[in-house]
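Enquirer: make a model of this:
(one chain, ligands or ions: 1)
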Amino acid sequence: MCPHPSRIENDLPLPLISAEDIAQRVAALGREIAATLPPGPIHVIAVLRGAFVFAADLVRAMPRDVRCDFLAVRSYGSATESSGIVEITHDIGLPITGQQVLLVEDIVDTGLTIRHLLDLLSTRHPASVHVCTLLSKPSRRSTEVPVHFVGFEIADHFVVGYGLDHDQRYRNLPHVGILAEPSSPAP
Ligand code: IMP
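Expert: Numbers count the residues shown, from 1 in each chain. Next comes the predicted model:
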């Protein structure tokens, strides 16, 4: 089998969750969400950029009346640490007042980004907001946030692939891998 082009060019993320395991879990999550949320339309808000791959697969696994919207955020901090300061660079385009919202994230790490987004969305008076994330790192949480649907809980690794990036790279990997620390230069 031909290796994925992102893996040919340079450093190879260490495989953590295979594309097959992701597909199975996303299908199960879609069924669980569809069965759990009360009847009525579900207003899905995917947080860009990281959640775009996950959200695309998730909505296709939800046999419900789904509306799709997008919120783009820029988180400040170092390349691998969120500061919790979040700037909205693209706001949702549809009103959510009185709507049942499903906020779709790629990963919940400290929880600061989700906290900020939940506070923002609550000012628009949705009927409810549920949070769904592909990945969660519970050991890293610095604020309590409700996360209703979790694909996989992972340990404290910096991961890439299936939408997640490091410096905008690796989003197109079909699996999730651990990004190795850059090797220190030879003495
Ligand atoms: P939080 O505010 O610390 O929960 O961080 C959330 C955001 O940080 C995510 O939406 C990602 O954009 C980014 N992030 C946190 N951990 C990782 C990771 O392991 N890989 C890639 N991005 C991450």
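Enquirer: can you tell me the element the residue nearest the centre of the chain falls in?
Expert: Per CA atoms, centre = their mean, the C-alpha nearest to the average position across the chain is that of Asp106, at 1.1 Å. If you go by DSSP states H and E, Asp106 is part of strand 100-108.
Enquirer: which parts of the helix or strand following that strand are buried?
Expert: Once the chain leaves strand 100-108, the next helix or strand it forms, by DSSP H and E, is helix 112-122. Across helix 112-122, burial judged by 16 or more other CB atoms under 10 Å covers 112-118, 121. C-betas here are computed from N, CA, C, even on glycine.
Enquirer: in JSON lines: those, plus pLDDT and distance to Phe158.
Expert: Putting these into JSON lines (pLDDT from 0 to 100; distance: CB to CB, whole Å) gives the following:
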{"residue": "Leu112", "pLDDT": "93", "distance to Phe158": "16"}
{"residue": "Thr113", "pLDDT": "94", "distance to Phe158": "15"}
{"residue": "Ile114", "pLDDT": "96", "distance to Phe158": "18"}
{"residue": "Arg115", "pLDDT": "95", "distance to Phe158": "21"}
{"residue": "His116", "pLDDT": "93", "distance to Phe158": "21"}
{"residue": "Leu117", "pLDDT": "96", "distance to Phe158": "21"}
{"residue": "Leu118", "pLDDT": "97", "distance to Phe158": "24"}
{"residue": "Leu121", "pLDDT": "97", "distance to Phe158": "27"}
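Enquirer: what is the neighbour count of Ser142?
Expert: Counted by other CB atoms under 10 Å, the residues lying close to Ser142 total 12.
Enquirer: check the secondary structure at it for me.
Expert: What DSSP: H, G, I helix; E, B strand; the rest coil gives for Ser142 is coil.
Enquirer: can you pull the phi/psi pair for it?
Expert: phi -110, psi -10 (degrees, to the nearest 10).
Enquirer: same question for the one 5 residues further on.
Expert: Dihedral angles phi and psi of Val147 (degrees, to the nearest 10) take the values phi -120, psi 110.
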